[in-house]
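**Q** Return atomic coordinates for the entry below.
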Amino acid sequence: MTLQFSVLASGSTGNAFYIESGEEKILVDAGLSGKKIEGLLDQVQVNPHDLSRILVTHEHSDHIKGLGIMARRYNLPIYANEKTWQAMEGQLGKLSVDQKFHFNMEEVKDFGGIDVESFAVSHDAADPMFYTFHKDGKKISLVTDLGYVSERIKKTVENSDALIFESNHDVSMLRMGRYPWNIKRRILGDSGHVSNEDCALALCDILDDQTKRVYLAHLSQDNNMKDLARMSVEDVLKERGFEVGSRIELHDTDPAQATPLYKV
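**A** Coordinates of the predicted model:
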């Protein structure tokens with residue numbers, strides 16, 4: 001069976017990602033209300049009763065808002081690392097012991113034939129980590145909430161058939177915007193978020209013949225726009241000789257509209 005995925009929701013207001021192979025159906029993060037997540041799954045014809053488990057990247061509310069609700073409603077096991085559990089447990093409501101599992105940093109777990117690899121990112125959370133998914137020589141990588149893109153992350157996500165990658169803000173919009181300076185400094189810092197330009201420069205080091213699709217993710221509601229993010233990244237890639245539109249496709253993500261299920 002091949003891998004299929006959808007970016008259910010992505011942005012500063014809430015994040016959720018879905019990936020499946022055969023009977024294994026994984027939700028990564030649940031940063032919206034239970035009702036909204038159910039609606040997003042319905043957009044890609046997935047019944048939430050069929051979900052296998054939920055993986056967590058970190059404890060910020062735009063990634064776990066509906067986590068406790070979804071876990072209770074559909075009796076789902078939750079996987080997160082120890083520090084993330086400690087940071088988020090009080091926000092989730094009552095869960096049974098057999099719903100709580102540890103997924104350590106830099107670990108690989110086999111879920112229904114999908115090998116899931118966790119890796120560290122630099123972000124102002126307890127112990128944030130993201131995931132690559134491997135199955136029969138195919139690879140999907142999900143990585144947002146990055147202060148900067150380390151060489152280790154680049155090596156981890158290279159050779160992906162599809163890459164969901166942060167393009168959070170336009171630096172000029174952020175600097176001129178309404179946020180107080182301490183928030184701007186946090187976003188621009190090494191444990192904040194990656195700008196459109198830094199996204200593009202990192203992609204220049206990551207992209208290879210294997211990668212056909214890049215989804216620009218976690219766009220700021222206030223400091224970015226889809227067209228601006230796509231144009232900024234495309235311009236840099238084209239300057240570096242990448243054939244955007246023919247060999248590599250750039251795709252938008254949305255905080256309220258799931259991307260169509262894509263099969264690799």
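**Q** gap between H123 and A30?
**A** Separation of H123 from A30 (Cβ to Cβ, to the nearest Å): 18 Å. In this view, the C-beta of every residue, glycine as well, is placed from N, C-alpha and C.
**Q** residues contacting the nearest residue to T253 once chain neighbours are set aside?
**A** Residue nearest to T253 in three dimensions, not counting chain neighbours: S10, with 3.8 Å by Cβ to Cβ, 6 or more residues apart in numbering. Going by Cβ atoms under 8 Å, 6 or more residues apart in numbering, S10 touches F17, T144, I164, Y215, A217, H218, L219, T253, D254, P255.
**Q** do F101 as well
**A** F101 makes contact with P77, I78, Y79, A80, according to Cβ under 8 Å, 6+ apart.
**Q** Restricted to strands, list these.
**A** Residues of the contacts of F101 located in strands (DSSP state E): I78, Y79, A80.
**Q** For these, give me CSV that also has pLDDT, neighbour count and distance to S52.
**A** CSV is the format used below for those (pLDDT from 0 to 100; neighbours: other Cβ atoms under 10 Å; distance: Cβ to Cβ, whole Å):
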residue, pLDDT, neighbour count, distance to S52
I78, 98, 23, 12
Y79, 98, 24, 11
A80, 98, 28, 16
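**Q** F5: which of these is nearest?
**A** Proximity of the ones in strands among the contacts of F101 to F5 (Cβ to Cβ) peaks at Y79, which lies at 17.3 Å.
**Q** Who is that closest one paired with across the strands?
**A** Under DSSP bridges, the beta-bridge partners of Y79 are L55, F101.
**Q** From G245, how far off is it?
**A** Counting by Cβ to Cβ, the gap from Y79 to G245 is 37 Å.
**Q** Relative to E38, how far out is L216?
**A** 25 Å.
**Q** And stretch 235-243, what's buried?
**A** Of all the residues in stretch 235-243, those buried under the rule 16 or more other Cβ atoms under 10 Å are V236, L237, F242.
**Q** got it, and stretch 166-175?
**A** By 16+ other Cβ under 10 Å, the buried positions in stretch 166-175 come out as E166, S167, N168, H169, D170, V171, M173, L174.
**Q** want to throw those residues into a markdown table with secondary structure?
**A** Listed next are the buried residues of stretch 166-175 as a markdown table, based on DSSP: H, G, I helix; E, B strand; the rest coil:
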| residue | secondary structure |
| --- | --- |
| E166 | strand |
| S167 | coil |
| N168 | coil |
| H169 | strand |
| D170 | coil |
| V171 | helix |
| M173 | helix |
| L174 | helix |
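**Q** which one of those sits closest to L3?
**A** E166 (20.8 Å).
**Q** how much space between D110 and H134?
**A** 10 Å.
**Q** about what we covered before: what about L216 and E38, which has more around it?
**A** A count of neighbours by other Cβ atoms under 10 Å puts L216 above the other of L216 and E38, at 29 against 18.
**Q** C-terminal to the host helix or strand of that one, which secondary structure element comes first?
**A** L216 is part of strand 213-217, with elements assigned from DSSP states H and E. Under the assignment DSSP H and E, the closest C-terminal helix or strand after strand 213-217 is helix 226-239.
**Q** Quick one: distance of stretch 28-36 to the chain centre.
**A** 13 Å (Cα atoms, centre = their mean, to the nearest Å).
**Q** what do you get for stretch 245-261?
**A** 13 Å.
**Q** Same check on stretch 222-233?
**A** With Cα atoms, centre = their mean, you get 17 Å for stretch 222-233.
**Q** follow-up on the earlier one: hmm, which two among the buried residues of stretch 166-175 are most spread apart?
**A** Across the buried residues of stretch 166-175 (Cβ to Cβ), the longest gap, 15.7 Å, separates E166 and M173.
**Q** Going by distance to S191, which of the contacts of S10 wins?
**A** Using Cβ to Cβ, T144 comes nearest to S191 of those, at 13.5 Å.
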